[in-house]
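K.L.:
Quick one: sequence plus predicted model below, questions after.
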Amino acid sequence: MKILVLGSGAREHAIILALRAEAAEHEILCSPGNAGMAQDATLVVVDQLDGGAVTTFANEHAVDLVVIGPEAPLVAGVADALRERGIPVFGPGKAAAQLEGSKAFAKRIMDAASVPTGRAVRATSIANVEAAFDDLGAPYVVKADGLAAGKGVIVTSNRAEALAHAAHYLPAGPILIEEFLAGPEVSLFFLSDGDTVRALSPAQDFKRAYDGDEGPNTGGMGAYSPLPWLNEQFGSEQEFVELVTEQVALPVIRQMDAEGTPFIGLLYAGLILTASGVKVIEFNARFGDPETQVVLPRLITPLSELLLAAASGNLEDQPQPKFSDDVAITVVLASEGYPEAPQTGRQISGLADAASVEGVRIIHAATAGPDAPGGDLVATGGRVLNVVAVRSDFTAARAQAYESMGRIGLDGAHFRSDIAARVAE
Ligand code: AMP
Ligand code: GLY
């Protein structure tokens with residue numbers, strides 16, 4: 001199959017590696033990609049935000065399937081342009097991508113579909129915000145409405161800090177003040193063809209920048225899959241997945257379809273397991289990053305078949321995806337200053353040595369180069385690399401991942417040392 005993957009992060013690198021692992025004969029093109037993806041796919045140049053350009057490219061190169069990784073091209077309507085021309089594309093159109101693009105839209109869909117979620121108040125002024133804080137109480141949860149790369153949300157008991165966050169985002173439009181939900185978080189991905197869904201194996205993301213869940217929210221500093229502790233609460237992973245399919249995924253997919261905006265692509269349910277049941281904290285309209293890096297290495301079913309079936313409206317013919325019993329963890333290496341002000345352009349060393357650790361893959365998130373053959377790569381963004389370890393248990397996976405991470409050199413870089421620490425105990 002000839003597959004075009006749009007994106008340049010570790011998520012897209014993980015998608016490419018999963019496609020590579022299932023069939024060596026796939027021809028995989030990627031735009032814009034990064035230095036790591038260049039080793040596993042052919043990098044091409046096409047403006048990923050320009051639906052017309054992507055459609056022309058896909059036609060000229062007889063692409064069988066386009067996979068859109070990040071949210072920006074989805075919200076820009078790139079999938080609509082492809083679908084109009086009959087090109088199979090995995091990713092929702094502009095209207096359906098509002099599930100991620102607008103938190104207020106997502107709340108409305110959840111209300112209409114009776115999906116369990118936290119109570120939320122729309123605020124357009126500081127007076128609204130103050131009233132909502134009084135009503136909902138501490139800790140305060142403030143969410144910017146639009147895309148904010150994981151930085152639009154603050155959760156704090158410090159009212160002044162919460163008010164400052166609200167004041168920062170209010171000029172850009174209405175914001176949401178939400179009821180605080182307590183409990184462990186789970187990321188669960190559903191492939192959807194607009195009608196039928198197929199769930200992948202759950203993962204947990206580590207959203208805060210520093211060990212012990214301290215520091216600011218980030219795009220995600222690490223992840224692991226599966227979540228063995230779900231068994232105690234729900235009997236089995238399968239029972240948990242079935243519950244979320246019935247209570248969350250199917251009602252949302254049906255509501256989107258009923259509104260004339262069918263959701264074709266990946267529905268990412270960000271969940272909190274509260275004392276009063278599973279509740280949705282957010283939806284994304286694409287694979288999660290870094291969760292994809294731990295979910296896909298465990299997938300046994302060929303990924304291309306699932307993505308093509310979803311893109312073509314044939315998911316019903318696909319059996320439930322199968323996963324290995326191995327566990328996977330990923331640790332993210334971030335540039336100095338991430339998430340506030342990442343320092344970029346610094347040299348990365350030790351990658352070959354890091355990749356030689358058994359059971360480990362190095363996945364690239366923001367790398368470029370080398371400028372000369374044999375030279376070093378440089379970091380080009382906040383989240384630079386992911387070390388992924390796949391082993392039979394979490395203790396072994398952690399040992400291998402951190403052994404590998406210790407071999408990578410990047411001045412000022414930081415990573416969390418507690419990824420999957422508790423589940424390993
Ligand atoms: P979001 O961008 O909506 O996923 O929010 C980012 C992170 O903020 C989530 O992963 C949670 O850790 C936290 N968060 C968001 N909403 C809530 C909430 N209502 N209660 C508690 N924590 C939340
Ligand atoms: N890991 C969080 C996200 O992909 O949005």
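P.N.:
It's in. Ligands and ions are numbered 1, 2, ... in the order given.
K.L.:
Going by C-alpha atoms from here, please, whenever you check contacts or count neighbours.
P.N.:
Will do.
K.L.:
which non-adjacent residue is nearest Glu291?
P.N.:
Using CA to CA, 6 or more residues apart in numbering and skipping the chain neighbours, the partner closest in space to Glu291 is Ala223 (5.6 Å).
K.L.:
which element is the one you found on?
P.N.:
Ala223 is located in strand 222-225, with elements delineated by DSSP states H and E.
K.L.:
That strand vs ligand 2: in contact?
P.N.:
No. In this structure, strand 222-225 remains apart from ligand 2 according to CA under 6 Å from any ligand atom; the gap is never smaller than 8.3 Å.
K.L.:
Which secondary structure elements does that strand sit against?
P.N.:
Using 3 or more CA pairs under 8 Å, 6 or more residues apart in numbering; DSSP states H and E as the contact test, the elements touching strand 222-225 are strand 204-205, helix 292-295, strand 327-334.
K.L.:
what does whatever helix or strand comes next after that strand contact?
P.N.:
Once strand 222-225 ends, the next helix or strand along the chain (criterion: DSSP H and E) is helix 230-234. Helix 230-234 has contacts (CA atoms under 8 Å, 6 or more residues apart in numbering) with 236-237, 240.
K.L.:
Each with direction, which strands does the strand holding Ala223 pair with?
P.N.:
Here strand 222-225 is paired, per DSSP bridges, with strand 204-205 (antiparallel), strand 327-334 (antiparallel).
K.L.:
Can I get it in CSV? Just the C-alpha atoms.
P.N.:
Written as CSV, here are the backbone C-alpha positions of strand 222-225 (Å, rounded to 0.1, in the frame of the first residue of the first chain):
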residue,chain,number,x,y,z
GLY,A,222,5.6,9.8,29.1
ALA,A,223,3.1,7.0,28.9
TYR,A,224,2.5,3.3,29.5
SER,A,225,0.2,0.6,28.3
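K.L.:
quick one: contacts of the strand or helix carrying Ser192?
P.N.:
Using DSSP H and E, the secondary-structure element containing Ser192 is strand 185-193. Contacts made with strand 185-193 from outside it, assessed by CA under 8 Å, 6+ apart, are listed as 197-205, 249, 253, 263-273, 287-288, 291, 306-307, 309-315.
K.L.:
That one vs ligand 2: in contact?
P.N.:
No. With CA under 6 Å from any ligand atom as the criterion, ligand 2 is not reached by strand 185-193; the gap is at least 8.0 Å.
K.L.:
Now do that strand, average pLDDT.
P.N.:
The pLDDT scores in strand 185-193 average 98.
K.L.:
what's the spacing between it and its chain's center?
P.N.:
Distance, stretch centre to chain centre, for strand 185-193: 10 Å (CA atoms, centre = their mean, to the nearest Å).
K.L.:
swap in stretch 117-125?
P.N.:
If you compare the mean C-alpha spot of stretch 117-125 with that of the full chain, they lie 24 Å apart, counting by CA atoms, centre = their mean.
K.L.:
contacting residues around that stretch?
P.N.:
For stretch 117-125, the surrounding residues in contact (CA under 8 Å, 6+ apart) are 104, 110, 128-129, 132, 170, 173-181, 279-281.
K.L.:
follow-up on the earlier one: want to throw the contacts of helix 230-234 into JSON lines with distance to Ala21, neighbour count and secondary structure?
P.N.:
Written out in JSON lines, the entries for those read as follows (distance: CA to CA, whole Å; neighbours: other CA atoms under 10 Å; DSSP: H, G, I helix; E, B strand; the rest coil):
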{"residue": "Ser236", "distance to Ala21": "28", "neighbour count": "15", "secondary structure": "coil"}
{"residue": "Glu237", "distance to Ala21": "25", "neighbour count": "19", "secondary structure": "helix"}
{"residue": "Phe240", "distance to Ala21": "28", "neighbour count": "16", "secondary structure": "helix"}
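K.L.:
Kindly list the main-chain dihedrals of Trp100?
P.N.:
You called it Trp, but residue 100 is Glu. Glu100 adopts backbone torsions of phi -100, psi -40, taken as degrees, to the nearest 10.
K.L.:
coming back round to it: tell me which of the helices and strands packed on strand 222-225 lies nearest to Val46.
P.N.:
For the helices and strands packed on strand 222-225, distance to Val46 was read as CA to CA. The smallest value, 24.0 Å, belongs to helix 292-295.
K.L.:
mind saving the C-alpha coords of that closest one as CSV?
P.N.:
As requested, C-alpha coordinates have been extracted for helix 292-295 and formatted as CSV (Å, rounded to 0.1, in the frame of the first residue of the first chain):
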residue,chain,number,x,y,z
THR,A,292,0.4,6.2,20.6
GLN,A,293,4.1,5.4,21.1
VAL,A,294,3.1,2.7,23.7
VAL,A,295,-0.2,1.5,22.2
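K.L.:
quick revisit: determine which stretch of the strands paired with strand 222-225 is the most buried.
P.N.:
Relative to the other members of these, strand 327-334 carries the highest mean neighbour count by mean count of other CA atoms under 10 Å, namely a mean of 28.
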